[in-house]
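could you work out the structure for the sequence below:
(one chain, ligands or ions: 2)
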Amino acid sequence: MGGGMTDTPASPPLRLFNSLTRRLETFEPVHPGEARVYSCGPTVYNYPHIGNMRAYVFADTLGRTLSFKGYKLTHVINITDVGHLTDDADAGEDKLEKAAAEKAQSIWDIARHYTEAYWADVKALNIRGPMKAGKPEAAHWSIATDYVPQMIEFAKAIADKHCYELDSGLYFDTSTVADYGRLARHATDEGESRIDPVDGKRHPADFAIWRKTPPGETRQMEWDSPWGKGAPGWHLECSVMSEALLGFPFDIHTGGIDHREIHHPNEIAQNQARSCSTDSGARIWMHNNFLVERSGKMSKSAGEFLRLQLLIDKGYHPLAYRLMCLQAHYRSELEFSWEGLGAALTRLKRLVMAVQRTKEAATLSEWKPFKKYLRSPGMVDDYIDSINETDEWFDFTGILGEFDDAISNDLNTASAFPTSEKLALTKLVEEAVTDPFIQLDNRLRLIATMDQIFGLRLLELDRIDLRIRPKTATITESEIEAILTRRKEARAAKDFATSDKLRDELIAAGVEVMDGDPLGWDWRLEA
Ligand SMILES: Nc1ncnc2c1ncn2[C@@H]1O[C@H](COP(=O)(O)OP(=O)(O)OP(=O)(O)O)[C@@H](O)[C@H]1O
Ligand SMILES: [Zn+2]
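Ligands and ions are numbered 1, 2, ... in the order given. Got it, this is the predicted structure:
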C-alpha cells in the first residue's frame, strides 16, 4: 500500500441495507475476495413491465458496485418458467399454465417467447446479466425447469422433519423452523388474511413445495416425484438454484419488496430446514422498492402496464429509463411520469453531448477507467501512485472519493448523480474544454470509471443514438435533416418567417424542434 502515504483516505467499506436486520451492515464476503449474489428472476408468463425492470437495474447496480469494489462477482439470475401461482401464496393457478391455456399455445413456447422479451429489455437497459467469478462469458441464465431433479432431492431431504402431505401436494410446516417470517416481520398467523386457505393446511402460512397434478388432469409441465406427478413450488426453485450455484450460505439475495413478505420468508424457512440451522441462506437480503404510477404499484395483474418497448416507440432512449432509476435511491418508491422520463432523457443528452465535445478535443483514442483504482478495493493509494506516475497534479482523489463514498453508502446513486453530473459537466468536461491545465484524457478516464457503475454507455453513445424516431412520425430521418439544414440557413440569414414555416412543417409531421435543446432539435414526445 503506497509507502509513506499515511494521510491517504481509505476507500470506504461497502455498507448495504439488510432487510433481515433492517439495518445498514458492512459487506463481509463469505469467501474472501468474492461476492456471490442471487436475484429472483422474472416469471415468464407475460412481458416484463418497466417496474419489473427496476428490480434488475437495481440488481445490476449492486453487481457493478461489487465489481467496482474489487470483488470477484458471481451473479445468478433465474428464469421462473414453472411454479409461480397467480397468488404469491398457495391459491390460484400456475401463471404459466394459465397463460398457455388462454392463448392455446404450448407452455414451452410461451416461456421462450417471454424469456426472450425479458432478455431484450435486459440488453436495452445495459444490464450485465449473470456472471461467474467475474466473467459474464462463463455464466448462464438459470432456468427453473432445468433444476427439477435437484428440487425433488431437496424436498426429499426435508420432507420427514418439515413437511406433510395433502391431496393437493407436499406442504412445508412453518412451525418446524425457528422464527418463521422474521424477514417479513409479521406474526405467523397475523396479516395472513389474504392467503386463501387450502383444505387441511396446519397453519395459514404453510406453503406447497410440491403441487400434485389433480386426478384426471394433465399439466403441460409435470414431473414424477415420490408425491406423485406434479410440479415444484415457486419458493423451492430459488432455494435449490441458489444452493446449487452459489453454495450455502452465500452473500446477497435480492428481489422486489413484495418478496420480503412471502417468497423470501418461505425460501428462508426451506434453507433453515435444509441446513438444520437458523441460517437464512444469505448473509444479506436486499429489496428494491416499487415503481409506482399515480394510480398505484405498476403490476401485470392490474391489466394495462408499461413496457420498455412502448417507451422506445414513443422516442425515449431506454437508457433514459435507466438514468431515471439511478436518480432515485433503490429503497425509495419511484413514481413514473412522462415528464420525469423526459427530464432524464434531456439529462442523458446533455451528458452525452459534453462527453462528445471532450472526446473530440482529447488525444487518446480509448478511454479506459482508472484500473489501478479499481483493483485496490481497500485503499486509494495505488490510485494516487498511478496519478503520480503520469505527473497528473489534478486532485482526482476528491472526485473519485466522493463517488466511492456515495456508492459505498448503500448504493446511493441518487446522491452520486447530482454530484457526478455537476462534476462531469461543469468541472470535468465543460471546464476541461477551456482549462489548459486539466488533461482531457483524464476527464474521460474518470467518466469511464464512474460509468462502470452507472452503465449509461456515456462514452459510447452518440447524439444520433439518442434520436429515436417515434413510431407515429410521418417523416423520414433524412427528410428531417434536410428541413433542419434549410431552417438553419434561414436563421443564419435572419429570415425568421421561413424558419418558422419550416418548424411548423416539422411539427405537422410529429417532430418538435427545440431550439434550446443541446441536440438542436428533438422529436415530439407524446404525453
Ligand atoms: N412495480 C414494481 N416495481 C419494482 N419492482 C417490481 C414491481 N413489480 C414487481 N417487481 C419485481 O420485479 C421482479 C420480477 O417479478 P415477476 O416477473 O415475478 O413479476 P410479477 O410479480 O408477476 O409482476 P406483477 O407484480 O406486476 O404481477 C420481482 O423482483 C418483483 O418483486
Ligand atoms: Zn425467488
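
only C-alpha atoms for contact and neighbour calcs from this point on.
OK.

wondering if stretch 74-88 reaches ligand 2 at all.
No - with C-alpha under 5 Å from the ion as the criterion, ligand 2 is not reached by stretch 74-88; the gap is at least 7.8 Å.

end to end, how far does that stretch reach?
Using C-alpha to C-alpha, to the nearest Å, the end-to-end distance of stretch 74-88 comes to 28 Å.

give the buried residues for that stretch.
74-85, 88 (16 or more other C-alpha atoms under 10 Å).

could you single out the nearest of those residues to residue 135?
residue 74 (8.0 Å; C-alpha to C-alpha).

roughly how far apart are that closest one and residue 133?
Taken as C-alpha to C-alpha, the span from residue 74 to residue 133 is 5 Å.

can you list residues touching both of those two?
Listed as contacting both residue 74 and residue 133 by C-alpha atoms under 8 Å, 6 or more residues apart in numbering are residue 34.

show me how this protein divides into domains.
Annotated domains of the chain cover 34-292, 314-463, 475-525 [automatic domain parsing].

so for stretch 218-226, mean pLDDT?
Average pLDDT, stretch 218-226: 92.

quote the end-to-end distance of that stretch.
In stretch 218-226, first residue to last residue: 17 Å (C-alpha to C-alpha).

thinking again about what came up before, looking at the domains of the chain, which is closest to residue 304?
Closest to residue 304 of the domains of the chain, according to C-alpha to C-alpha: domain 34-292, at 9.6 Å.

mind checking the end-to-end distance for the closest one?
34 Å.

hmm, it in reach of ligand 1?
Yes - Domain 34-292 is in contact with ligand 1 by C-alpha under 6 Å from any ligand atom, via 40-43, 51-52, 54-55, 255-259, 289-292.

any idea how far residue 487 lies from ligand 2?
Counting by C-alpha to the ion, to the nearest Å, the separation of residue 487 from ligand 2 is 55 Å.

how about the secondary structure of that residue?
Per DSSP: H, G, I helix; E, B strand; the rest coil, the secondary structure class of residue 487 is helix.

surely residue 280 meets residue 266?
No - Residue 280 lies out of contact with residue 266 (C-alpha atoms under 8 Å); the separation is 10.1 Å.

if we can go back for a sec, quick one: least confident of the buried residues of stretch 74-88?
Within the set of those, pLDDT is lowest for residue 83 (73).

which SS class is that residue?
Taking three-state DSSP, the label given to residue 83 is coil.

ok, which pair from the buried residues of stretch 74-88 is furthest apart?
74 and 85 (28.7 Å).

and the residue of this protein closest to ligand 2?
residue 40 (4.0 Å; C-alpha to the ion).

grab the nearest non-local neighbour of that residue.
residue 255 (5.5 Å; C-alpha to C-alpha, 6 or more residues apart in numbering).

so how far is residue 231 from that neighbour?
23 Å.

and for residue 205?
20 Å.

now swap in residue 100 and tell me
Counting by C-alpha to C-alpha - residue 100 and residue 231 are separated by 16 Å.

more neighbours, these two?
Neighbour count, other C-alpha atoms under 10 Å: between residue 100 and residue 231, residue 231 has more, with 25 against 19.

that one against residue 214, yeah?
No - counting by C-alpha under 8 Å, residue 231 sits too far from residue 214 to count as a contact (11.1 Å).

and for residue 128, the neighbour number?
By other C-alpha under 10 Å, the residues close to residue 128 number 18.

I figured it was touching residue 61, is that so?
No - Residue 128 lies out of contact with residue 61 (C-alpha under 8 Å); the separation is 9.3 Å.

how about the residues of the stretch 151-300 of the chain near ligand 2?
For the stretch 151-300 of the chain, the contact set with ligand 2 under C-alpha under 5 Å from the ion comprises residue 238.

for the stretch 151-300 of the chain, what spans make up the strands?
Under the criterion DSSP state E, counting those that start in this stretch, the stretch 151-300 of the chain contains strands at 163-166, 169-172, 207-212, 230-232, 250-256, 282-288, 291-293, 296-297.

quick one: buried residues of the first one?
Residues of strand 163-166 classed as buried by neighbour count (16+ other C-alpha under 10 Å): 163, 164, 166.

can you tell me which of those residues is closest to residue 235?
Of all the buried residues of strand 163-166, residue 235 sits closest to residue 163, with 14.1 Å by C-alpha to C-alpha.

which ones are touching the closest one?
So, once contact is read as C-alpha under 8 Å, 6+ apart, residue 163 ends up touching 170, 171, 172, 173.

10 Å instead?
155-156, 170-174, 176, 206-209, 273 (C-alpha atoms under 10 Å, 6 or more residues apart in numbering).

residue 312 contacts residue 318, correct?
Yes - counting by C-alpha atoms under 10 Å, residue 312 touches residue 318, with 6.3 Å between them.

hang on, residue 16 in a strand?
Yes - looking at residue 16 with three-state DSSP, it is inside a strand.

what's the burial count for it?
21.

for whichever residue of the stretch 101-250 of the chain sits closest to ligand 1, helix, strand, or coil?
Residue nearest to ligand 1 within the stretch 101-250 of the chain (C-alpha to the nearest ligand atom): residue 118, separated by 9.2 Å. Under three-state DSSP, residue 118 falls in the helix class.
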